[in-house]
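**Q** The sequence isn't on hand, but the structure is:
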């Protein structure tokens, strides 16, 4: 049934009414001349029915013989559409351009989507893809997928595998990153393990080499904990790469000090520039600005979940000058605390346990000082290589 409706639309059909005269004679004349009519319905003083566009003139002749008058109710289909707009060249040109534009767009990549990255950023991968020839606005016929994949693996060492699939107008790029190989320990070069911080040894484990301190001993930074030099009973000396663990109780102080006059960059100007993005072509609406810093955002059109390569690019250009900022007490306090906690995160990142801590804030007329004192349990052993002179 659907196929019949499609064919009727392609070849055109007319819905008409016929009144007066003899309806049965009209129907019989059409059947005798093999003129197609369907969906015939009797109405007051006549009938309504459908016929094809090619039979429209013929039914007028049969209606005249039967004494009936034909009145078209509606004409539908492609032939009538062409006939209606045959002298309107603008419409025809518009239809042709729309068809050509649709064909061209369907042969292009509209959007590039990257999946599977973790350490790498999407921007890094997209930049390399663009340099290799894959970007919005490129024709699909110009993309050599195998060559593109090999180029990407050559350019980005972190990639172990890449797959490029073009689904419609979207290029889906799936990547897999290389797993970092395990660290290879060079056992051929001799070394000692020394104290990286002052402390009291709680536990010393020697895996290779000679222990030089006892548990409970106090050590200072640089003291030898495990020696890589071994003297045999025969008097022969062997050199090893010392391996072991030295857990100690340590004391650490963290101090942060700031005054009310804070040196900072001050924004002196900020300008915006807009550009039109159309299938890889960027059309700037203003000249580029000289600035210390720039930030770019893109706003693309979307259809459902598909990003179309048409939109607006906004660039923000900012200029700065070095100056002195006068802080309030609350601002100074927050700034000093922020720096203190940053130091704390960095310096105590390898601490296994904090036994005790003391924290104090001192605010004067000129500065703010934050100090933290900690008793920690941590690994203080640091490997130190040495050369053997023969």
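**A** In hand now; what should we look at? Just so it is clear, the structure is predicted and the values come from calculations on it, not from any experiment. Residues are numbered from 1 along each chain as shown.
**Q** Hmm, residue 347 is touching residue 250, no?
**A** No - assessed by Cβ atoms under 8 Å, residue 347 is found out of contact with residue 250, at 11.0 Å. Placement of C-beta: from N, CA and C, glycine included.
**Q** ok, these two, which is more surrounded?
**A** residue 250 (21 against 15; other Cβ atoms under 10 Å).
**Q** pLDDT on stretch 78-94, on average?
**A** Average pLDDT, stretch 78-94: 74.
**Q** Now do the helices in the stretch 101-250 of the chain.
**A** 122-132, 145-155 (DSSP state H, counting those that start in this stretch).
**Q** Format those as TSV; extra columns: mean neighbour count.
**A** Compiled in TSV, those are given as follows (neighbours: other Cβ atoms under 10 Å):
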stretch	mean neighbour count
helix 122-132	15
helix 145-155	14
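**Q** With distance to residue 322 and mean pLDDT as extra columns, can I get those helices in CSV?
**A** Shown next, in CSV, are these (distance: least, Cβ to Cβ, whole Å; pLDDT from 0 to 100):
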stretch, distance to residue 322, mean pLDDT
helix 122-132, 30, 87
helix 145-155, 39, 89
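**Q** okay if I get those helices as JSON lines plus distance to residue 213?
**A** Output for the helices of the stretch 101-250 of the chain, formatted as JSON lines (distance: least, Cβ to Cβ, whole Å):
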{"stretch": "helix 122-132", "distance to residue 213": "48"}
{"stretch": "helix 145-155", "distance to residue 213": "51"}
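**Q** Which among the ones you listed is found nearest to residue 37?
**A** Closest approach to residue 37 among these is made by helix 145-155 (56.6 Å; Cβ to Cβ).
**Q** ok, and what's touching that closest one?
**A** Contact with helix 145-155 is made by 125, 128-129, 131-134, 159, 161-164, 166, as judged by Cβ atoms under 8 Å, 6 or more residues apart in numbering.
**Q** Looking at those, which is nearest residue 234?
**A** Of those, the one sitting nearest to residue 234 (Cβ to Cβ) turns out to be residue 159, at 54.9 Å.
**Q** residue ranges with poor pLDDT in the protein?
**A** 1, 86-89, 91-92, 181-188, 303-307, 390 (pLDDT under 70).
**Q** how does it divide up, domain by domain?
**A** 2-83, 111-177, 195-259+327-390, 262-325 (automatic domain parsing).
**Q** now the helices for the stretch 251-390 of the chain?
**A** Using DSSP H, counting those that start in this stretch, helices in the stretch 251-390 of the chain cover 329-347.
**Q** just to revisit the earlier point, residue 97 is nearest to which of the domains of the chain?
**A** Between the domains of the chain, domain 262-325 lies closest to residue 97; by Cβ to Cβ that is 16.3 Å.
**Q** from the middle of its chain, how far away would that closest one be?
**A** Centroid displacement of domain 262-325 relative to its chain, using Cα atoms, centre = their mean, to the nearest Å, is 18 Å.
**Q** That domain spans what distance, first to last residue?
**A** Domain 262-325 has an end-to-end distance of 5 Å (Cα to Cα, to the nearest Å).
**Q** now do stretch 273-284
**A** First residue to last in stretch 273-284 (Cα to Cα) measures 8 Å.
**Q** so what's residue 131 closest to, chain neighbours aside?
**A** residue 155 (7.7 Å; Cβ to Cβ, 6 or more residues apart in numbering).
**Q** my read: residue 50 touches residue 12, true?
**A** No - Residue 50 is beyond contact range of residue 12, at 11.0 Å (criterion: Cβ under 8 Å).
**Q** Can you tell me what sits against stretch 48-67?
**A** Here stretch 48-67 has contacts from 8, 11-18, 20-23, 25-26, 29-30, 33, 35-41, 69-70, 72-73, 75, 77, 79-80, using Cβ under 8 Å, 6+ apart.
**Q** Just the buried residues of it, please?
**A** Within stretch 48-67, the residues that count as buried by 16 or more other Cβ atoms under 10 Å are 48-53, 55-56, 58-59, 62-63, 66.
**Q** Widest-spaced pair of those?
**A** Across the buried residues of stretch 48-67 (Cβ to Cβ), the longest gap, 21.5 Å, separates 53 and 66.
**Q** which residues touch the most centrally placed residue in the chain?
**A** In the chain, the centroid-proximal residue (Cα atoms, centre = their mean) is residue 122; its distance is 5.0 Å. Counting by Cβ under 8 Å, 6+ apart, residue 122 touches residue 114.
**Q** switch to 10 Å and redo it
**A** 112, 113, 114, 115, 173 (Cβ atoms under 10 Å, 6 or more residues apart in numbering).
**Q** Sitting in strands, which of those residues do you find?
**A** Within the contacts of residue 122, residues falling in strands by DSSP state E are 112, 113, 114, 115, 173.
**Q** Touching, the first one and residue 167? I think so.
**A** Meaning residue 112. No - applying Cβ atoms under 10 Å, one finds residue 112 not in contact with residue 167, separated by 11.6 Å.
**Q** and those two? which has more neighbours close in?
**A** Taking neighbours as other Cβ under 10 Å, residue 112 and residue 167 compare with residue 112 leading, 22 against 8.
**Q** partners of the longest strand seen in the chain in the sheet?
**A** Counting residues, the longest strand found in the chain (DSSP E) is strand 306-326. When pairing is defined by DSSP bridges, strand 306-326 lines up against strand 261-278 (antiparallel), strand 293-303 (antiparallel).
**Q** Columns mean neighbour count on top of those, output as CSV?
**A** Compiled in CSV, the strands paired with strand 306-326 are given as follows (neighbours: other Cβ under 10 Å):
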stretch, mean neighbour count
strand 261-278, 13
strand 293-303, 11
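**Q** From residue 381, how far out is residue 62?
**A** 110 Å (Cβ to Cβ, to the nearest Å).
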